[in-house]
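Q: Quick one: sequence plus predicted model below, questions after.
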Amino acid sequence: MRNLVPEKMMTFTCISCHVAFKEPNIQREHYKTDWHRYNLKRKVVDLPPVTAEVFQQRVLEQRAQANQQEASKSLTPYCNYCKKKFGSEKSYENHLPSKKHQDNILNGPKSVNKKPENSDSAENEVARNEEVEEEDDSDEWEDDDEAIPVTSCLFCNHKSDSLESSLKHMSSEHSFFIPDFEYVVDVEGMVTYLGERVGQGHICTWCGHLGRQFPSTEAVQKHMLDKGHCKMFHEGEVLLEYSDFYDFSTSYPDGGDANEEVEPNVINDSGFELVLPSGSTIGHRSLNRYYRQKLNPNPRPVPTRAAIQHGNYFKALGWTTSTKEIVEKKVRDITFMRKLFLKNQLGVSVKANKLQKHFRRQVDM
């Protein structure tokens, strides 16, 4: 005997959504809806299901938020003086104090504003195309991201009146200091180079030698603040990168040059001077006026007054420089890296000479 179930009690339920259906076709259609998929995902993370009304309300909120983001992207920072568009508000603000922008303000009567990227008028579209063509045809090409000026902080949006104030801010707020400061001969050049690395290259000042690059200036600044990388890496192969801003000649023994090769004493009998084995030089009396000149064949860069003041400021804060042994090791590393660089450069030059496809004999014998 079969068990007969009344028709009014035949229901098809969905356990994930806590709803019931009278027909199986409706149940199968329900399994294909986004509402059911949403509740399945909530069930996986042990969350209660939501009703159809709540789900529809959340969908409308997401669409409204997406439309708002699209509307905000339709307006991009644009400079009429330089005829450039910028990808972010930060890059636009960094562009305003640049020297090129200030020169264009003095030379051009146009004004700086924000131009909509998507314009419905045909005139704006034609004008935009002409500006792009002019920018492409120009010989001078410039990145959208500007280098951080020396008067701005490398790690935040703080702007100072001078380089000294900026270094004091970075030292007190971010514990940043320049290693081996007493050997630095070009402070402004080093800070300018660091600003280009962070602002244009989007490279961290501490872990940038590992090859990691960030998508924007804000991203690399956030990384340095979060990771505590508000410091300068100055070891190993990176020493050669900053060698132009340092002068370690004062740390050499007897003030000599580390790259100087000692040659044996020879006697030169050219007729104008005589070099004795003891090292003394005897010159001809006709060249007396030239021997009286005291010229320095190897002039050393002298630290500026600003560099000395910055060094005293760091010493007052308690920053100590490297020991003599560490400085000597850095000098040896820089010398080795320079020789290796010149050797590799010579190899590239030799290989470049082998790129010729044809050989033509110059003299027929």
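A: Ah, there it is.
Q: Enumerate the positions of the longest helix seen in the chain that are buried.
A: In the chain, taking DSSP state H as the definition, the longest helix is helix 324-353. Across helix 324-353, burial judged by 16 or more other CB atoms under 10 Å covers 327-328, 330-331, 333-335, 337. (Each C-beta comes from the backbone N, C-alpha and C, glycine too.)
Q: Redo those as TSV? Include pLDDT and distance to residue 344.
A: TSV is the format used below for these (pLDDT from 0 to 100; distance: CB to CB, whole Å):
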residue	pLDDT	distance to residue 344
327	75	26
328	78	25
330	79	21
331	79	21
333	81	16
334	80	16
335	82	15
337	81	10
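Q: hang on, the earlier thing: what helices and strands are in contact with the longest helix of the chain?
A: In terms of contacts (3 or more CB pairs under 8 Å, 6 or more residues apart in numbering; DSSP states H and E), helix 324-353 is packed against helix 238-241.
Q: in the helix or strand just after the helix it packs on, what's buried?
A: With elements assigned by DSSP states H and E, the helix or strand that comes after helix 238-241 is strand 273-275. Across strand 273-275, burial judged by 16+ other CB under 10 Å covers residue 275.
Q: Quick check: neighbours of strand 273-275 in the sheet, parallel or antiparallel?
A: When pairing is defined by DSSP bridges, strand 273-275 lines up against strand 281-283 (antiparallel).
Q: So what touches the partner strand?
A: 272-276, 291 (CB atoms under 8 Å, 6 or more residues apart in numbering).
Q: mean confidence for it?
A: Mean pLDDT, strand 281-283: 79.
Q: now that strand, how far from the chain's geometric center?
A: 54 Å (CA atoms, centre = their mean, to the nearest Å).
Q: same check, this time on stretch 222-242
A: 11 Å.
Q: Tell me how many other residues crowd the closest residue to residue 174 other than its chain neighbours.
A: Leaving out its chain neighbours, the residue that sits closest to residue 174 by CB to CB, 6 or more residues apart in numbering is residue 230, at 4.0 Å. Neighbourhood size, residue 230 [other CB atoms under 10 Å]: 22.
Q: Residue 159 and residue 81, how far apart?
A: 21 Å (CB to CB, to the nearest Å).
Q: ugh, typo on my part, it should be residue 208
A: From residue 208 across to residue 81, the span is 32 Å (CB to CB).
Q: can you count the residues close to residue 30?
A: When neighbours are defined as other CB under 10 Å, residue 30 has 17 of them.
Q: so what's it up against?
A: Contacts for residue 30 (CB under 8 Å, 6+ apart) come out as 14, 17, 19, 21, 36.
Q: for the nearest residue to residue 98 once chain neighbours are set aside, helix, strand, or coil?
A: Nearest non-adjacent residue to residue 98, counting by CB to CB, 6+ apart: residue 146, 5.4 Å away. Assigned by DSSP: H, G, I helix; E, B strand; the rest coil, the conformation of residue 146 is coil.
Q: Hmm, residue 96 and residue 146 touching each other?
A: No - taking contacts as CB atoms under 8 Å, residue 146 lies outside contact range of residue 96: 9.0 Å.
Q: Surely residue 76 is in a helix?
A: No - assigned with three-state DSSP, residue 76 falls outside any helix and is strand.
Q: For the helix or strand harbouring residue 40, which helices and strands make contact with it?
A: Residue 40 is part of helix 34-44 when elements are defined by DSSP H and E. Helices and strands touching helix 34-44, by 3+ CB pairs under 8 Å, 6+ apart, are helix 52-73.
Q: Ramachandran coordinates for the residue nearest to residue 98?
A: phi -90, psi 150 (degrees, to the nearest 10).
Q: Next, count neighbours for it.
A: Under the neighbour criterion other CB under 10 Å, residue 146 is assigned a count of 24.
Q: Could I get the contacting residues of it?
A: Contacts of residue 146 by CB under 8 Å, 6+ apart are 91, 94-95, 98, 199-200.
Q: If we use 10 Å, what do you get?
A: Contacts were defined as CB atoms under 10 Å, 6 or more residues apart in numbering; by that measure residue 146 touches 86, 90-98, 100-101, 195-196, 199-200, 217.
Q: Just the local confidence number for it, please.
A: Per-residue confidence (pLDDT) for residue 146: 82.
Q: how close does it get to residue 208?
A: For residue 146 relative to residue 208 (CB to CB), the value is 18 Å.
Q: what does residue 341 give?
A: Residue 341 is 19 Å from residue 208, by CB to CB.
Q: for the stretch 51-200 of the chain, which spans come out with low pLDDT?
A: Within the stretch 51-200 of the chain, the segments meeting pLDDT under 70 span 72-75, 108-144.
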